[in-house]
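Participant: show me the folded form of this:
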Amino acid sequence: MNNKIYCSSGVMIGRVNGYNYKIFTEAAKEIEADGFELMMVHAYYSNLARICAEIEKKDINIEVVHAEKDIGGLLPQGDPLLARKALTDFEINCRVASFLGAKKLVFHLWSAPDSDRLFEKNLGFLPELLSIAGRHSVELLIENVPCSAKDPFTHLSRIEELYPSVRFIYDTRFGAFHEQTERFLSSPWLENGRIAHMHFSDFIGPAHDFKALRPIPHLTFGVVGFDSIMPVISEKYHSSITLESPEIHPDGTNVEKLNADLNYIRKWVCKQ
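Facilitator: Okay, here's the model as predicted:
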């Protein structure tokens, strides 16, 4: 079975180019992917109508939306105004996903490095988050975000216990950060559909060092060990994968490097 290979808009857009969405919309036609994952950032909120119109005009296929990363960190702080803002922003993200036709919404239920210390409070918001996503016909997928109190596998196992229908996204960089690559890839989640999406990027190491999460190297240039794990993923996993190895430059991106990573993924996991 063929896996779908997507490219994140976030590999082209960032602080150094002022979150200029046109870098993505102009480069998209040259990217050799089955579709795209739109990375939401707060800088877009005042310009969402124009951004969505441009994506539609250029007929860019958005399959996944990555919700703004800071939302989960605002939820457990004990401030009702912050929590309401977070839920309002989350609904905006869901509305964008629905408008663009994306069926999956990637979500950081907690934020690195500290908010998993309040994990139970984060968890208390999950029913409302699921309800909001459901109203917009998008599936909320929870990512294995780095932790400082416990670890992603423990938290996701707790979610599985309480919410059996909730599915996850596995990020290879975060898996390597916590030395949980083998644990995730040998779990039933890979084959039973619990892991419904993946993010691919490499990690420079060492493990558990938050300063080592960046810079993000291209595939096979870090410690994830893609040549070792790709046969396992190819055999057991049959869903979607998004490239998250960045090529962000002040005046554009490097399409050739992005396509090289996408083609590396394709040669392993797009087999009949």
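
Participant: so who does G35 touch?
Facilitator: Contact partners of G35, counting by CB atoms under 8 Å, 6 or more residues apart in numbering, are K4, Y6, N61, I62, E63, V64. C-beta: built from backbone N, CA, C; applies to glycine.

Participant: quick one: pLDDT of it?
Facilitator: You'll see G35 listed with a pLDDT of 98.

Participant: which residues does it bridge with?
Facilitator: Beta-bridge pairing for G35 (DSSP bridges): Y6.

Participant: what's the spacing between it and S186?
Facilitator: The gap separating G35 from S186 is 29 Å, by CB to CB, to the nearest Å.

Participant: before we move on, what about K211?
Facilitator: K211 is 29 Å from S186, by CB to CB.

Participant: of those two, who's got more company?
Facilitator: Each of K211 and S186 had its neighbours counted (other CB atoms under 10 Å), and the higher figure belongs to S186 (11 against 7).

Participant: follow-up on the earlier one: sort out for me which of the contacts of G35 are in strands.
Facilitator: Taking DSSP state E, the ones among these that sit in strands are K4, Y6, I62, E63, V64.

Participant: ok, now which ones touch the third one?
Facilitator: The neighbours of I62, taking CB under 8 Å, 6+ apart as the test, are G35, F36, E37, L38, I55, A97, L100, G101, A102.

Participant: which residue packs closest to it, ignoring adjacent ones?
Facilitator: Excluding the flanking residues, the one nearest I62 by CB to CB, 6 or more residues apart in numbering is L100, at 4.2 Å.

Participant: does that neighbour touch I55 like I think?
Facilitator: Yes: using CB atoms under 8 Å, L100 is in contact with I55, at 6.3 Å.

Participant: anything in contact with each of those two?
Facilitator: Common contacts of L100 and I55 (CB under 8 Å, 6+ apart): L38, I62.

Participant: those two: who's more crowded?
Facilitator: Between L100 and I55, I55 has the larger neighbour count (other CB under 10 Å), namely 22 against 19.

Participant: tell me which element the more buried one falls in.
Facilitator: helix 48-57 (DSSP states H and E).

Participant: distance from that helix to the middle of the chain?
Facilitator: 21 Å (CA atoms, centre = their mean, to the nearest Å).

Participant: the lengthiest helix in the chain versus helix 48-57: what angle between them?
Facilitator: Longest helix of the chain, by residue count under DSSP state H: helix 80-100. Computed by axes from the mean of the first three to the mean of the last three CA atoms, to 10 degrees, the angle separating helix 80-100 from helix 48-57 equals 20 degrees.

Participant: next SSE after helix 80-100?
Facilitator: Sequence order places strand 104-107 as the next helix or strand after helix 80-100, per DSSP H and E.

Participant: beyond that next one, next helix or strand please.
Facilitator: Scanning forward in sequence from strand 104-107 by DSSP H and E, the next helix or strand is helix 119-124.

Participant: now do the residue nearest to Y163 when sequence neighbours are not counted: how many residues are near it, please.
Facilitator: Excluding the flanking residues, the one nearest Y163 by CB to CB, 6+ apart is L126, at 6.5 Å. By other CB under 10 Å, 18 other residues sit near L126.

Participant: M198 now?
Facilitator: Neighbour count for M198, taken as other CB under 10 Å: 24.

Participant: dump the residue contacts of V16.
Facilitator: Per CB under 8 Å, 6+ apart, neighbours of V16: I248, H249, P250.

Participant: now those residues in JSON lines, with secondary structure?
Facilitator: JSON lines is the format used below for these (DSSP: H, G, I helix; E, B strand; the rest coil):
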{"residue": "I248", "secondary structure": "coil"}
{"residue": "H249", "secondary structure": "strand"}
{"residue": "P250", "secondary structure": "coil"}
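
Participant: rewinding a little: for the ones in strands among the contacts of G35, point out the one with the lowest pLDDT.
Facilitator: Lowest in pLDDT among these is K4, which has 94.

Participant: and it, how far from E68?
Facilitator: 23 Å.

Participant: those two - which one has more neighbours?
Facilitator: Neighbour count, other CB under 10 Å: between K4 and E68, E68 has more, with 22 against 17.

Participant: and the gap between the nearest residue to the more buried one once chain neighbours are set aside and L81?
Facilitator: What sits nearest to E68 in space, not counting adjacent residues and going by CB to CB, 6+ apart, is M40, at 4.7 Å. Using CB to CB, M40 is found at 21 Å from L81.
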